[in-house]
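Enquirer: Build me a model from this:
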Amino acid sequence: MPNLFHKYQQPIWIVLTIGVIASFILFWNGSMISHGVLGGTERVGAIYGRPITDTDFIQQAHKFQIAMMLQMNGLVQPLVGSAQNQDEALQNFVFNSYVFNHEADALQIYPTDAEMQDALSQVPGFQTDGRFDPAKLTEFVQDRLPPLGFTDSVIDDLVREQVRIQKVIQVIGATVDLSPAELQNRYLAENEKMDISVVRLSTSDLEKSIAVSDADAQKEYDAHKETYQSPEERKVSVASFELTDAQKALKGRDRTDALQKLSGDSWNFAQSVVDKSANFADEAKKAGVTVTTTGLFSQQQPDPALANMTDGATTAFKLTADYPSSDVVQGNNGYYVLHLEGAVPSRQLDFEEAKPQVIAEIQKDRAAQLMQTRATDVRNQIQAGLTGGKSIEDAAAAAGLKAEEIPPFALADASKVDVPDLQSIIQSAVALGKGQLSDFESTDAGGYILYMKNREPVSPDMAKIGEMLVRDQFAGQKRVAAFLEWLRLRREAARLQLFQRSA
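Expert: Numbers count the residues shown, from 1 in each chain. The predicted model follows:
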């Protein structure tokens with residue numbers, strides 16, 4: 001199959017500098033991998049009896065990053081599935097990608113050239129005003145791919161995988177359909193408006209009112225003293241390859257060209273300081289690049305000098321005495337190379353140092369216990385008030401609290417509602433009938449009790465129209481659900497093993 005990027009952007013290679021091309025060669029020969037930033041040959045797992053190395057995993061992780069930047073939801077969502085956090089999403093993408101491609105090969109499902117070209121033209125990240133924009137493709141390949149160690153062929157790989165996923169979803173979901181009753185129930189559930197009031201309880205006042213004796217704090221510290229650690233701190237020098245103020249105002253090709261030159265310069269500089277014996281300051285002086293040095297900082301509270309770059313603090317804490325200089329780190333207006341100047345290791349805090357943290361934790365734990373008792377009393381008071389004919393507002397006021405009214409909304413429009421703890425509130429609300437009070441639900445700030453004032457049903461006429469409009473959407477969701485179950489079962493059969501990483 002012809003490379004799609006070349007089909008649209010053959011002149012791109014003319015503007016690539018020799019330095020950038022050379023950096024790719026050096027990168028794939030392993031000099032960057034040896035830093036530890038991009039992994040190496042250490043095995044992190046195995047699948048289908050074949051090893052997965054650090055390098056394999058991080059290459060897939062970078063593909064995930066690229067797919068996210070390009071908003072390739074048709075690829076990302078089926079592979080990520082029901083991940084609950086970013087780490088789980090990344091692992092699902094990496095390992096499910098291995099499984100999916102293995103199974104798609106077995107099914108002999110491959111896209112045609114026409115399907116690939118059509119899918120490329122519809123990638124959101126390459127669109128301008130709803131149409132494919134070759135300039136955006138060019139800019140992305142020039143500016144975004146080099147720092148991640150890829151050439152334009154990765155775009156083909158991602159587009160191909162997305163097309164294959166959609167084809168497999170169609171195959172697996174061919175027999176999936178919605179019965180009239182199921183379609184009606186789903187439409188009504190998503191479009192029936194809920195009128196909810198929320199009564200919130202906060203633990204902050206409780207925490208402040210709890211006195212903790214020195215004896216109690218000492219006892220807690222002695223029982224868990226090994227957990228009270230100071231954060232590790234780092235100090236780094238930063239070589240900055242940034243656009244000038246005048247260049248920051250550039251648009252289109254001019255800005256791309258300026259960034260491309262900085263990219264080449266930064267990669268060349270990174271190569272000059274790969275060896276730990278290299279003098280970072282001297283090499284920076286030779287390159288005519290500005291170097292700033294941070295103060296000591298922790299990973300949780302990075303130095304302001306790292307604010308302009310992506311994952312600057314994370315990169316800083318991967319540096320070691322053997323590999324003190326980083327690979328190129330991308331930022332909004334340029335590129336950066338970090339060099340480790342010093343490190344203060346984490347240490348166990350003594351009691352006096354840990355005392356504020358110990359006291360805060362004891363207060364939080366005791367407040368949570370008190371909150372359960374208080375919440376039960378508050379709910380009983382509110383329920384008694386409602387039973388006696390009071391409004392939710394008056395019943396909450398009688399308990400010393402305020403009922404917060406949420407504007408009526410349907411599940412289909414929940415994204416437009418801006419209130420704290422919305423997802424948790426929705427999960428509690430769907431089970432409530434009109435006039436019902438929920439149980440107390442805990443949150444980080446304390447918790448809440450819901451009252452369902454009213455459920456506004458969808459009219460029969462609107463229901464019939466709506467069911468026809470959303471049939472394809474709901475059927476598509478059901479096909480994706482079938483695909484996810486198929487992928488889960490195939491992953492179980494893939495003999496996936498994850499190994500404990502060496503220290």
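Enquirer: Where does pLDDT dip in the stretch 251-400 of the chain?
Expert: Within the stretch 251-400 of the chain, no stretch has pLDDT under 70.
Enquirer: Please repeat the previous calculation with a cut-off of 80.
Expert: Scanning the stretch 251-400 of the chain with the threshold set as pLDDT under 80 gives 252-253, 256.
Enquirer: where do the strands sit along it?
Expert: Ranges of strands in the stretch 251-400 of the chain, per DSSP state E, counting those that start in this stretch, are 290-293, 329-331, 334-344.
Enquirer: Could I get the buried residue list for the first one?
Expert: What it means is strand 290-293. Buried residues in strand 290-293, counted by 16 or more other C-beta atoms under 10 Å: residue 291. Every C-beta, even on glycine, is put in place using the N, C-alpha and C of the backbone.
Enquirer: mind putting the strands of the stretch 251-400 of the chain in a markdown table, distance to residue 386 included?
Expert: Listed next are these as a markdown table, based on distance: least, C-beta to C-beta, whole Å:
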| stretch | distance to residue 386 |
| --- | --- |
| strand 290-293 | 62 |
| strand 329-331 | 56 |
| strand 334-344 | 58 |
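Enquirer: domains in the chain, as residue ranges please.
Expert: When the chain is parsed with automatic domain parsing, its domains come out as 4-175+482-498, 193-225+350-456, 233-344.
Enquirer: As a markdown table, those domains with distance to residue 474 would be great.
Expert: Converted to a markdown table, the domains of the chain look like this (distance: least, C-beta to C-beta, whole Å):
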| stretch | distance to residue 474 |
| --- | --- |
| domain 4-175+482-498 | 12 |
| domain 193-225+350-456 | 11 |
| domain 233-344 | 38 |
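Enquirer: Of those, which is nearest residue 187?
Expert: Among those, domain 193-225+350-456 comes nearest to residue 187, with 9.0 Å by C-beta to C-beta.
Enquirer: Taking the centroid of the protein, which residue is nearest it?
Expert: residue 86 (4.1 Å; C-alpha atoms, centre = their mean).
Enquirer: Can you check the pLDDT for that one?
Expert: What the model reports as pLDDT for residue 86 is 78.
Enquirer: who touches it in this structure?
Expert: Under the criterion of C-beta atoms under 8 Å, 6 or more residues apart in numbering, residue 86 has no neighbours.
Enquirer: again, but for residue 404
Expert: Counted by C-beta under 8 Å, 6+ apart, residue 404 has contacts 197, 198, 199, 200, 419.
Enquirer: if you set the cut-off to 6 Å instead, what comes out?
Expert: Residues counted as contacts of residue 404 (C-beta atoms under 6 Å, 6 or more residues apart in numbering) are residue 198.
Enquirer: ok but it is inside a strand, no?
Expert: Yes. Under DSSP: H, G, I helix; E, B strand; the rest coil, residue 404 falls within a strand.
Enquirer: partners of it in the sheet?
Expert: Per DSSP bridges, the residues bridged to residue 404 are residue 198.
Enquirer: Let's see the pLDDT reported for it.
Expert: Here, the pLDDT recorded for residue 404 equals 93.
Enquirer: Quick check: it vs residue 196, distance?
Expert: Between residue 404 and residue 196 the distance, using C-beta to C-beta, to the nearest Å, works out to 9 Å.
Enquirer: Next: residue 490.
Expert: Residue 490 is 41 Å from residue 196, by C-beta to C-beta.
Enquirer: between those two, who's got more neighbours?
Expert: Neighbour tally, residue 490 and residue 196, criterion other C-beta atoms under 10 Å: the higher count belongs to residue 196, 26 against 15.
Enquirer: just checking, that one is part of a strand?
Expert: Yes. Under three-state DSSP, residue 196 sits within a strand.
Enquirer: got a list of what it touches?
Expert: Shown in contact with residue 196 (C-beta under 6 Å, 6+ apart): 406, 429, 450.
Enquirer: Which of the strands of the stretch 251-400 of the chain sits closest to residue 323?
Expert: It's strand 334-344; of the strands of the stretch 251-400 of the chain, that one is closest to residue 323 (C-beta to C-beta) at 8.6 Å.
Enquirer: which of the residues in that closest one are buried?
Expert: 334, 335, 336, 337, 338, 339, 340, 343.
Enquirer: Relative to residue 67, which of those residues is nearest.
Expert: residue 335 (22.2 Å).
Enquirer: For the closest one, list each beta-bridge partner.
Expert: residue 241, residue 330.
Enquirer: quick one: it and residue 242, what's the gap?
Expert: The spacing between residue 335 and residue 242, counted by C-beta to C-beta, is 8 Å.
Enquirer: Between the contacts of residue 196, which sits nearest residue 378?
Expert: Nearest to residue 378, judged by C-beta to C-beta, of these is residue 450 at 12.8 Å.
Enquirer: and the closest one, what are its bridge partners?
Expert: Judged by DSSP bridges, the bridge partners of residue 450 are residue 198.
Enquirer: List the contacts of it.
Expert: Going by C-beta under 6 Å, 6+ apart, residue 450 touches 196, 198, 428, 429, 438.
Enquirer: how about the domains of the chain, which one is nearest residue 473?
Expert: Each of the domains of the chain has some distance to residue 473 by C-beta to C-beta; the shortest is domain 193-225+350-456, at 10.2 Å.
Enquirer: End to end on the closest one, go ahead and measure it.
Expert: Using C-alpha to C-alpha, to the nearest Å, one end of domain 193-225+350-456 lies 5 Å from the other.
Enquirer: Tell me how far that domain lies from the chain's centre.
Expert: 28 Å (C-alpha atoms, centre = their mean, to the nearest Å).
Enquirer: for stretch 45-64, same thing?
Expert: 19 Å.
Enquirer: Buried residues of that stretch, list them for me.
Expert: 45, 47, 52-64.
Enquirer: Would you mind giving the contacts of residue 450 as CSV with distance to residue 399 added?
Expert: Shown next, in CSV, are the contacts of residue 450 (distance: C-beta to C-beta, whole Å):
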residue, distance to residue 399
196, 18
198, 14
428, 19
429, 20
438, 15
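Enquirer: most neighbours, which of those residues?
Expert: Neighbour tally across the contacts of residue 450 (other C-beta under 10 Å): the maximum, 26 neighbours, falls on residue 196.
Enquirer: Quick check: it vs residue 438, distance?
Expert: Distance, residue 196 to residue 438, using C-beta to C-beta: 9 Å.
Enquirer: do the same with residue 346
Expert: 43 Å.
Enquirer: and if you look at residue 166?
Expert: 40 Å.
Enquirer: that older thread, just the ones of the buried residues of stretch 45-64 in helices?
Expert: Within the buried residues of stretch 45-64, residues falling in helices by DSSP state H are 54, 55, 56, 57, 58, 59, 60, 61, 62, 63, 64.
Enquirer: Now that we have those residues, can you turn them into CSV and tack on pLDDT and distance to residue 301?
Expert: Below are those laid out as CSV (pLDDT from 0 to 100; distance: C-beta to C-beta, whole Å):
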residue, pLDDT, distance to residue 301
54, 84, 28
55, 86, 31
56, 88, 33
57, 89, 28
58, 88, 26
59, 89, 31
60, 91, 31
61, 90, 25
62, 91, 27
63, 93, 31
64, 93, 27
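Enquirer: Could I get the residues you listed in JSON lines, plus columns for distance to residue 471?
Expert: Listed next are these as JSON lines, based on distance: C-beta to C-beta, whole Å:
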{"residue": "54", "distance to residue 471": "46"}
{"residue": "55", "distance to residue 471": "46"}
{"residue": "56", "distance to residue 471": "42"}
{"residue": "57", "distance to residue 471": "41"}
{"residue": "58", "distance to residue 471": "42"}
{"residue": "59", "distance to residue 471": "40"}
{"residue": "60", "distance to residue 471": "36"}
{"residue": "61", "distance to residue 471": "37"}
{"residue": "62", "distance to residue 471": "39"}
{"residue": "63", "distance to residue 471": "34"}
{"residue": "64", "distance to residue 471": "32"}
